[in-house]
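1. prediction below, plus the sequence it came from.
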Amino acid sequence: QVQLVESGGGSVQAGESLRLSCAASSPSLTFYTMAWFRQAPGKEREFVAAISTSGIDYYADSLNRRFTISRDNTDKTGFLQMTRLESEDTAVYFCAAAARIVLGDDLRDPLAYKYWGQGTQVTVST
């Protein structure tokens with residue numbers, strides 16, 4: 001059962017930007033920390049960014065501040081603004097949301113998140 005729905009993926013050239021969106025499939029869903037993960041072919045799913053209900057954001061160190069995560073608690077939507085995209089950013093991007101507040105190292109653990117989307121493909125060409 002799909003609980004989150006991502007959109008905004010696509011194919012771009014290196015250096016361009018994309019904005020991913022994530023929306024709850026049902027207004028009855030209640031969640032706290034939201035996050036984005038990505039999975040490239042042949043690789044494990046990796047943490048990209050997370051944001052608390054109060055807007056505190058966390059990022060993977062490797063992103064070099066190219067991405068910005070945000071959310072709208074009223075609409076239960078989340079966003080990932082990606083700039084200066086690189087070929088290494090090519091992956092399927094997943095939105096995730098937790099049924100509890102997630103802190104510390106747990107932010108980077110997919111098991112901490114209860115709700116997931118099906119993913120959206122981002123392809124960056126050089």
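-> Thanks, I have the structure now.
2. with adjacent residues omitted, what lies nearest to residue 92?
-> Leaving aside its sequence neighbours, residue 92 sits nearest to residue 119 (Cβ to Cβ, 6 or more residues apart in numbering; 4.1 Å). C-beta coordinates here come from the backbone N, C-alpha and C atoms, glycine included.
3. could you double-check that the one you found lies in contact with residue 45?
-> No: using Cβ atoms under 8 Å as the test, residue 119 is too far from residue 45 to be in contact (9.7 Å).
4. tell me which of those two has more neighbours.
-> When neighbours are counted by other Cβ atoms under 10 Å, residue 119 and residue 45 differ, and residue 119 comes out ahead with 18 against 15.
5. any idea of the pLDDT on the more buried one?
-> On pLDDT, residue 119 comes in at 96.
6. from residue 28, how far out is the most centrally placed residue in the chain?
-> With distances taken as Cα atoms, centre = their mean, the chain has residue 36 as the residue nearest its mean C-alpha position (1.9 Å). When Cβ to Cβ, to the nearest Å is applied, the distance between residue 36 and residue 28 equals 23 Å.
7. and for residue 84?
-> Going from residue 84 to residue 28 by Cβ to Cβ gives 38 Å.
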